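Enquirer: okay, here's the prediction I keep looking at, along with the sequence it came from:
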Amino acid sequence: MPGRDFKAYVRPDVSTFYQVDEPGSISPASPAFNGQAGKFVNLTPARLGLYWDPGRGGRGVYSGTVNGFESTGTATFPGHKFFFGKTDNPADALCSFVVKAGTSVYYCDPYGEEVAPPASGFTKEARDVYERHLDNIKFAEEYKSFTGGVEWLGMYPRDPPRHKIYSADYFGQEHQVITTETHFTAMPPWEELPRIVPKARAGDEEIPLHKYRSSNTTLDVTLKAVSCAPRIFEMNNFISTTEADHILMLANRTHELHRSSTGDSAGRHSDHGSTRTSLNTWVKREESPIIDTIYRRVADVLQIDEALLRRRSPEEHPELRTQSSIAEQLQMVHYDPGQEYTAHHDFGYNRMSDPHQPSRSINVLLYLNDVEEGGETSFPRWLNAETSSPLNVKPEKGKAVLFYMLLPDGNSDDLTQHAALPVIKGEKWMSNLW
């Protein structure tokens, strides 16, 4: 970007997704869905609550608590109203916002640029943070202009993702990955599936429980681009029927499903509501050799060291600030007829003061059964030139879906907003790994 040491990512023209000779010869379709990300930044030193104003008067609907100079976010629509208020008196609105199409970031700044450090509880340190926010606002304006209207959802400067991002230059583009983490084709007896401590394997070490696995020494995985913006890939037969059945067995035998919840960007869970009506639980990598195999296969596809997806020794990746896994536990989700998860984003708005700005960047979905009708994973804002309708991915047993929540420059990708459509007939079981 001019005047900045920053390589901004500019989305390609939609014509390139169809491999036509004339860039600009095809116009993108306007999505029928008009939702978007909403990020709300508290530019005061005080801890404030963010509330949605449904237009009925009263205290508003709680959306999240935001510390001084931090932010929170939610999926929203043009015309929605929000306000920041004191946590002990939410009816007293300090800043109010009306969401506008194409504008995702809203600032509560009751001071203006002339505020002095002693004013309104500002310390010298608070003033420094405040000025950094002002620079970020200026950067966001430059970024939006340079990229043709894309909102900057992070805090400048922000490093690009460290992991590989597969190219999705055109619809149907394929990538091949070969892994030694072969399919389980027969279910081992329960006594041969103990809890384990995942660790590095020697190069010549035999894979565990090989007599229950495919006779092939490797597994070929094909990633097929079904969307270029956002980048979404399908992987058919990524897990075997046996592996899917094992995950279901764990969920039903050793775990208790609970009503799914949503959360704010700081990881706090909100009350249950109509946004998400499924049941879920969490499965650890350590719970069986089969789960460990799936984690290792995911690592191979992502082209990262499997050690990043487990607790590590001090000698493994000492450049990182932590020895903990960079991934969350495997989430198990169950939907009965009528249950759904409305359009949302999986990325969060991390602490602005964190120089590394950690955030979910990859989502790998695993479908564990065939759904009779409904239950698709829907991406209503995918960029294409043919339809205003969403891209709906059919849940099929063994299929995996990979999508990237960060753009190559590190910005969160607003187009990854997605929904779990209501199951119409049957049930839906799935897992996802962030």
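Expert: Perfect, I can see it now.
Enquirer: use CA for all of it now, contacts and neighbours both
Expert: Fine.
Enquirer: check which element follows the lowest-mean-pLDDT helix or strand in the chain along the chain.
Expert: Least confident element among the helices and strands of the chain, by mean pLDDT, DSSP states H and E: strand 258-259 (a mean of 57). Using DSSP states H and E, the helix or strand that follows strand 258-259 in sequence is strand 279-283.
Enquirer: so what are the sheet partners of that following strand and their directions?
Expert: Here strand 279-283 is paired, per DSSP bridges, with strand 258-259 (antiparallel), strand 330-335 (antiparallel).
Enquirer: among those strands, show me which one is buried the most.
Expert: strand 330-335 (a mean of 22; mean count of other Cα atoms under 10 Å).
Enquirer: just the CA coordinates of it, formatted as PDB?
Expert: Provided in PDB are the C-alpha atoms of strand 330-335 (Å, rounded to 0.1, in the frame of the first residue of the first chain):
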ATOM      1  CA  LEU A 330     -12.800 -31.300  18.000                       C
ATOM      2  CA  GLN A 331     -16.300 -30.000  18.400                       C
ATOM      3  CA  MET A 332     -19.200 -32.500  17.900                       C
ATOM      4  CA  VAL A 333     -22.500 -31.000  16.900                       C
ATOM      5  CA  HIS A 334     -25.900 -32.600  16.500                       C
ATOM      6  CA  TYR A 335     -29.000 -31.200  14.700                       C
END
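Enquirer: helix or strand next in line after it, which one?
Expert: strand 341-344.
Enquirer: what is that next one packed up against?
Expert: strand 71-76, strand 418-420 (3 or more Cα pairs under 8 Å, 6 or more residues apart in numbering; DSSP states H and E).
Enquirer: dump these into JSON lines; add mean neighbour count, distance to residue 109 and mean pLDDT as well.
Expert: Shown next, in JSON lines, are the helices and strands packed on strand 341-344 (neighbours: other Cα atoms under 10 Å; distance: least, Cα to Cα, whole Å; pLDDT from 0 to 100):
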{"stretch": "strand 71-76", "mean neighbour count": "22", "distance to residue 109": "12", "mean pLDDT": "94"}
{"stretch": "strand 418-420", "mean neighbour count": "22", "distance to residue 109": "31", "mean pLDDT": "97"}
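Enquirer: low-confidence regions, the stretch 101-250 of the chain specifically.
Expert: For the stretch 101-250 of the chain, the stretches flagged by pLDDT under 70 are 112-121.
Enquirer: what ranges does it have for its helices?
Expert: With helices called from DSSP state H, counting those that start in this stretch, the stretch 101-250 of the chain shows them at 124-147, 241-253.
Enquirer: mind putting these into TSV with mean neighbour count?
Expert: As requested, those are exported to TSV (neighbours: other Cα atoms under 10 Å):
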stretch	mean neighbour count
helix 124-147	16
helix 241-253	17
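Enquirer: with residue 343 as the reference, name the closest of those.
Expert: Closest to residue 343 of the helices of the stretch 101-250 of the chain is helix 124-147 (Cα to Cα; 23.8 Å).
Enquirer: list the strands paired with the helix or strand containing residue 403, with their directions.
Expert: Take DSSP H and E as the rule and residue 403 turns out to sit in strand 400-404. Strand pairing for strand 400-404, using DSSP bridges, gives strand 232-235 (antiparallel), strand 362-367 (antiparallel).
Enquirer: got TSV for those, with distance to residue 214 and mean neighbour count too?
Expert: Shown next, in TSV, are the strands paired with strand 400-404 (distance: least, Cα to Cα, whole Å; neighbours: other Cα atoms under 10 Å):
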stretch	distance to residue 214	mean neighbour count
strand 232-235	18	23
strand 362-367	20	21
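Enquirer: with distance to residue 432 as new columns, can these be given to me in a markdown table?
Expert: Below are those laid out as a markdown table (distance: least, Cα to Cα, whole Å):
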| stretch | distance to residue 432 |
| --- | --- |
| strand 232-235 | 14 |
| strand 362-367 | 4 |
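Enquirer: just to revisit the earlier point, which of the helices of the stretch 101-250 of the chain sits closest to residue 327?
Expert: Closest of the helices of the stretch 101-250 of the chain to residue 327 is helix 241-253, at 17.9 Å (criterion: Cα to Cα).
Enquirer: what angle sits between the closest one and strand 362-367?
Expert: 90 degrees (axes from the mean of the first three to the mean of the last three Cα atoms, to 10 degrees).
Enquirer: related to what we said a few turns ago, and the strands paired with strand 279-283, which one's lowest on average pLDDT?
Expert: If you rank these by mean pLDDT, strand 258-259 sits at the bottom with a mean of 57.
Enquirer: who wins for proximity to residue 54 among the strands paired with strand 279-283?
Expert: Smallest distance to residue 54 across the strands paired with strand 279-283 (Cα to Cα): 24.8 Å, for strand 258-259.
Enquirer: residue contacts, residue 182?
Expert: By Cα atoms under 8 Å, 6 or more residues apart in numbering, residue 182 lies in contact with 213, 214, 216, 217, 218, 219.
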